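> What follows is a predicted structure for the sequence shown.
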Amino acid sequence: METTVYSQTGEVMGKTKLPESIFGLPWNADLVHQVVVSMESSSRRNTAHTKNRGEVRGGGKKPWKQKGTGQARHGSTRSPIWVGGGVAHGPRNEKNYDRKVNRKMKTKALFVILSKKFKNGEIVFVDTLSLKEPKTKLAIGVLKNLHKVPELGNVLNKRNALSIFMPERHADLYRSFRNISNVLLEDTRSINPVSLLSRKRILFVAPEETMRILEGKTTVSFPGEERSSTDEKLKKAVVRKVSKPRTKAKVRAK
């Protein structure tokens, strides 16, 4: 697989090869849905919290006596059926929304999304990205020059959201692009399925470094892969010497 590499002025610089294992995978909607929903659930902040009848202040005295008033019996004014009482079955902040997803599934979903976006022509590669000084005006000028790239189009249109991934984080570039609402500058190492789906267009800077970082995600040793076999464990096992049980000393008869 090959793709065109552009300069930040929108001119064609050459071609670069892309690995089939990253940009040539078939679409897997079930995998992407499971990973994205799990990641969004794990990042959820459980701030919603209601008080039950035991946590609401007051209500220690019985409103009226048990019998003789004609009213229904009540033991506390902080019952959930009273105004100002506790909430029954309300949201609690001790609820855990974390959902476990295997690292291999996250990596596979990431590559599936990259393959889908590359197939749809929503990924562009730029050799370098630099500014003389950290100014939003210069950043807008770079985006205007990228109008020549057919895959990007009018990047300044608010409906055309763009994510720029760089091999290393530059503070000057971040300050230059942060005031543009539809453009997000991120580090390539922090790329994930949720960040890819949040923006329509993807712009990768420095294709060689990008490929090195993406391919490095497939060589990570996952838990359980380097475990030794059962035979090796048995060979390395330490045989413990069982000591003889101590016998009670014979008491001499006097």
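That came through, no problem. Numbering: from 1, shown residues only.
> Would you map the strands across the stretch 51-200 of the chain?
Secondary structure of the stretch 51-200 of the chain (DSSP state E, counting those that start in this stretch): strands at 123-126, 162-166, 183-187.
> right, and these - which one's nearest A88?
Closest approach to A88 among these is made by strand 183-187 (42.4 Å; Cβ to Cβ). Yep, even glycine has a C-beta here, placed from its N, CA and C like the rest.
> Dump the top helix by length along the chain to PDB, keeping only the CA atoms.
Using DSSP state H to define each element, the chain has its longest helix at helix 103-119. The C-alpha trace of helix 103-119 is given here as PDB (Å, rounded to 0.1, in the frame of the first residue of the first chain):
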ATOM      1  CA  ARG A 103      -5.100  -4.500  25.200                       C
ATOM      2  CA  LYS A 104      -5.100  -6.600  22.000                       C
ATOM      3  CA  MET A 105      -8.700  -5.600  21.400                       C
ATOM      4  CA  LYS A 106      -7.900  -1.900  21.800                       C
ATOM      5  CA  THR A 107      -5.000  -2.200  19.300                       C
ATOM      6  CA  LYS A 108      -7.100  -4.200  16.800                       C
ATOM      7  CA  ALA A 109     -10.000  -1.700  17.000                       C
ATOM      8  CA  LEU A 110      -7.500   1.200  16.500                       C
ATOM      9  CA  PHE A 111      -6.100  -0.400  13.400                       C
ATOM     10  CA  VAL A 112      -9.600  -1.200  12.100                       C
ATOM     11  CA  ILE A 113     -10.700   2.400  12.400                       C
ATOM     12  CA  LEU A 114      -7.500   3.600  10.700                       C
ATOM     13  CA  SER A 115      -8.100   1.200   7.800                       C
ATOM     14  CA  LYS A 116     -11.700   2.400   7.500                       C
ATOM     15  CA  LYS A 117     -10.700   6.100   7.400                       C
ATOM     16  CA  PHE A 118      -7.800   5.400   5.000                       C
ATOM     17  CA  LYS A 119     -10.200   3.600   2.700                       C
END
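> just to revisit the earlier point, please identify which of the strands of the stretch 51-200 of the chain is closest to T47.
Across the strands of the stretch 51-200 of the chain, closest to T47 is strand 183-187 (Cβ to Cβ), at 24.7 Å.
> List the contacts of the closest one.
Contacts to strand 183-187, defined as Cβ atoms under 8 Å, 6 or more residues apart in numbering, come from residues 139, 143, 155, 161-169, 173-174, 177-178, 195, 198-199.
> hang on, the earlier thing: now the strands of the stretch 51-200 of the chain in a markdown table, with mean pLDDT?
Compiled in a markdown table, those are given as follows (pLDDT from 0 to 100):
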| stretch | mean pLDDT |
| --- | --- |
| strand 123-126 | 92 |
| strand 162-166 | 90 |
| strand 183-187 | 90 |
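> I'd like the ones you listed as a markdown table, with distance to Q71 appended.
Converted to a markdown table, the strands of the stretch 51-200 of the chain look like this (distance: least, Cβ to Cβ, whole Å):
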| stretch | distance to Q71 |
| --- | --- |
| strand 123-126 | 71 |
| strand 162-166 | 64 |
| strand 183-187 | 61 |
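> would CSV of those strands with mean neighbour count and distance to R103 be doable?
Formatted as CSV, these follow (neighbours: other Cβ atoms under 10 Å; distance: least, Cβ to Cβ, whole Å):
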stretch, mean neighbour count, distance to R103
strand 123-126, 22, 23
strand 162-166, 22, 20
strand 183-187, 18, 19
